[in-house]
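no sequence on hand, only this structure:
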Ligand code: ZN
C-alpha cells in the first residue's frame, strides 16, 4: 500500500494554488469536477503521492460542511489498495465503520470508498483503487 494522495479542503483552488503551486513549487497537473462528491479537485504530484485540493461545487457538498466546521485544512488521507472490494470486505468483517460500503467513481475514474473517522481514530480515510492504463 502507499499514500495515493492527501486531500486538503479549500474555499477556492485558485487561492490555494498561490501557496501550493506558486510559493511551494508543486505543479497542478489535473483539474476536474467530481459530480458524485460535489467537488472540484486539483492534483499536484508530490513524490510518489499527490496533494489533492478540494473545493466545494455546491452548498451541500461534504467539503462545504467541513469548511463551515473546520475552516479548511487536511480533510482526508487516501491509501491506494490493489483490490478495493476486498479491502472493504476485510474491514467490514472486522466490524469497522464504512461510509461507502461499495466503491464510487472518484477523480480520474478511480474507484474510491471512505472509511468513517470514528473507526480510524479521527482520520477520514479514503481507499483508492487506480484504473489500469
Ligand atoms: Zn481524495
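Ah, there it is. Treat the numbers as computed from the prediction; the structure is a model and nothing was measured. Numbers count the residues shown, from 1 in each chain.

drop to CA atoms for contacts and neighbour counts, all remaining ones
Will do.

partners of the helix or strand bottoming out on mean pLDDT in the chain in the sheet?
For the chain, using mean pLDDT, DSSP states H and E, the weakest element among its helices and strands is strand 104-105, scoring a mean of 92. With DSSP bridges as the test, strand 104-105 is paired with strand 111-115 (antiparallel).

for residue 42, helix, strand, or coil?
Secondary structure state of residue 42, per DSSP: H, G, I helix; E, B strand; the rest coil, is strand.

doesn't residue 77 fall inside a helix?
No - assigned with three-state DSSP, residue 77 falls outside any helix and is strand.

report the beta-bridge partners for it.
Beta-bridge partners, per DSSP bridges, of residue 77: residue 6, residue 125.

I'd guessed it sits against residue 128; true?
No - between residue 77 and residue 128 there is no contact under Cα atoms under 8 Å: 10.2 Å.

compare these two (neighbour count), which wins?
Shown here are residue 77 and residue 128; by other Cα atoms under 10 Å, residue 128 has more neighbours (26 against 20).

so what touches the least confident helix or strand of the chain?
The contact list for strand 104-105, computed with Cα atoms under 8 Å, 6 or more residues apart in numbering, reads 36, 111-113.
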